[in-house]
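Student: Structure here, sequence nowhere to be found:
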């Protein structure tokens, strides 16, 4: 497919006798807000100083000088030169490209095979996965899909919260009140119940704290019983987490969590000491980061215990050694932005310039009725239960709209789960948003089910047409003004993918999917797609292209696209 912005820039460049380079002109070209004003616009005032003329006069002169071949028309509107592309040539080019490439339309080689570890999801062992874990999980997964589409090799890492003093408390509680049968039957609920009881009993029995410390010390020292319990709690928790990940259709390349770095932190401390970066402050060991306008990084507490940043330094160095990454991403809430600034600054002080390739991908909060979801305040909303409820709502609407649909349960699962994922990802990553399940699973409006339904509608049209064997060699010179908005959006897809990758912003794709679905549905409402005339094949090529690009847009978000709904 041609780069039409470059086509316009080349035409302008020839008309101004090289006063500006093609790249300079390309950077200035705009896309008018209304299609009535053309497809591209060049602002003539950028030439006003050079040519010493009023921009309106320059625009008029350019219209006369520019070669009109390949354009429907070119006109001056005030200081702008507006270009209207040849619709037939454009549609043949775009539709032929989409149909020949299929799902690979929009692929790029920006990454040139570079590895990109993505630290994402990261639930805590023995605690339920709440709606609070959804954002990191689905944002990280979508970014991975986008990176892969543009030539990178994403490495999805689930940095589990599988270490810490809470395990001493959990082991102590299990030995006092737990049973193997209970844990096997309902791991998360049972372990959480033991943990909560520990904190309740601890109020009147402070000696429990000492027992918990003893258990954690045994774990740190590699005691057989403590290690066996830790592994068991971890395995049982993972089984429950996997139920959710399977429903989200998300797989990880690594489950190396906090515990994995236990034997890798001493080297970090030794390296910091060797580089004279460690300083004592009130008995603790710190790295001074005042030149970065940051608070000191606390590496070791007064009792010699290491902290999160020590572990994250070990993880960053391990990932660089293991993956020789092009970038390393941390999809972690916005509240941790200072932590990652410190992490990068310490690595920089250690002489690791690759710290510039580390990026914190922050995100806002999900709220319920305007209030933050919190475990402590009892406002925990379990992710698995939300998915269940979403699927039930989808089932109810499918029963109302299409009761004869085959494989209803499978479609309801794809629609319900997809609705929750899409709703998260259509919001700008840094924005907080309020979660209302009834709004999320609607089949109308700016929702996942609406985009899925638009894809299913396109597939239905193709089935009614007998699933024609369309290929890149077809005659797709579509001369239909009603189709123009949809065609332009199809052509924008590759640039949209690159923008989403550049900004680490899945919402760019979600919003694009909504716009394309709306444009296609307007086209459907005003066109007789199956009418038997010389434009029928081109119209069906448009429908097939829309189905292909909507499906790929949803895939990049981690959402399935059923063929029937």
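Tutor: Looks like it came in fine. Computed from a predicted model, the values in this text were never measured in an experiment. Numbers count the residues shown, from 1 in each chain.
Student: Check which helices and strands the helix or strand where residue 173 lies sits against.
Tutor: Following DSSP states H and E, one finds residue 173 within helix 166-177. Helices and strands touching helix 166-177, by 3 or more Cβ pairs under 8 Å, 6 or more residues apart in numbering; DSSP states H and E, are helix 187-202, helix 207-220, helix 224-248. From N, CA and C alone the C-beta is placed, and that goes for glycine too.
Student: The first one versus helix 207-220: what angle between them?
Tutor: To tie it back to what came earlier, the one meant is helix 187-202. Note on geometry: by axes from the mean of the first three to the mean of the last three Cα atoms, to 10 degrees, helix 187-202 and helix 207-220 are set 130 degrees apart in direction.
Student: Who are the packing partners of helix 187-202?
Tutor: Against helix 187-202 (3+ Cβ pairs under 8 Å, 6+ apart) you get helix 166-177, helix 180-185, helix 207-220, helix 224-248.
Student: Of all these, which one comes closest to residue 2?
Tutor: helix 224-248 (38.0 Å; Cβ to Cβ).
Student: quick one: average confidence on the closest one?
Tutor: Model confidence over helix 224-248, given as mean pLDDT, is 96.
Student: elements contacting it?
Tutor: Against helix 224-248 (3+ Cβ pairs under 8 Å, 6+ apart) you get helix 134-149, helix 166-177, helix 180-185, helix 187-202, helix 207-220, helix 383-401, helix 408-426.
Student: The same query, at a cut-off of 7 Å, please.
Tutor: Judged by 3 or more Cβ pairs under 7 Å, 6 or more residues apart in numbering; DSSP states H and E, helix 224-248 is in contact with helix 166-177, helix 187-202, helix 207-220, helix 383-401, helix 408-426.
Student: So in this protein, where's the weakest helix or strand by average pLDDT?
Tutor: The weakest-scoring helix or strand in the chain, judged by mean pLDDT, DSSP states H and E, is strand 371-372 (a mean of 72).
Student: roughly how far out does it sit from the chain middle?
Tutor: 23 Å (Cα atoms, centre = their mean, to the nearest Å).
Student: repeat for stretch 128-141
Tutor: Centroid separation between stretch 128-141 and its chain, computed with Cα atoms, centre = their mean, is 11 Å.
Student: From the rest of the structure, what touches that stretch?
Tutor: If you take Cβ atoms under 7 Å, 6 or more residues apart in numbering as the criterion, stretch 128-141 is touched by 118, 120-123, 156, 188, 192, 241, 244, 248, 250, 331-332, 361, 363, 366, 373, 380-384, 386, 421, 424-425, 429, 435, 506, 558.
Student: What mean pLDDT does it get?
Tutor: Averaging pLDDT along stretch 128-141 yields 94.
Student: Quick check: end-to-end length of that stretch?
Tutor: One end of stretch 128-141 sits 20 Å from the other (Cα to Cα, to the nearest Å).
Student: rewinding a little: among the contacts of stretch 128-141, the buried ones, what's the ChimeraX command?
Tutor: In ChimeraX, a selection of the buried entries from the contacts of stretch 128-141 looks like this (16 or more other Cβ atoms under 10 Å):
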select :118,120,121,122,123,156,188,192,241,244,248,250,331,332,361,363,366,373,380,381,383,384,386,421,424,425,429,435,506,558
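Student: Name the residues of the helix or strand hosting residue 313 that are buried.
Tutor: For residue 313, the element it lies in under DSSP H and E is helix 308-323. Across helix 308-323, burial judged by 16+ other Cβ under 10 Å covers 309-320, 323.
Student: who's in contact with residue 148?
Tutor: residue 154 are the contacts of residue 148 under Cβ under 7 Å, 6+ apart.
Student: State the distance from the residue lying closest to residue 558 once chain neighbours are set aside to residue 104.
Tutor: The spatial neighbour of residue 558 that comes closest, neighbours along the chain excluded (Cβ to Cβ, 6 or more residues apart in numbering), is residue 141 at 4.8 Å. Counting by Cβ to Cβ, to the nearest Å, the gap from residue 141 to residue 104 is 20 Å.
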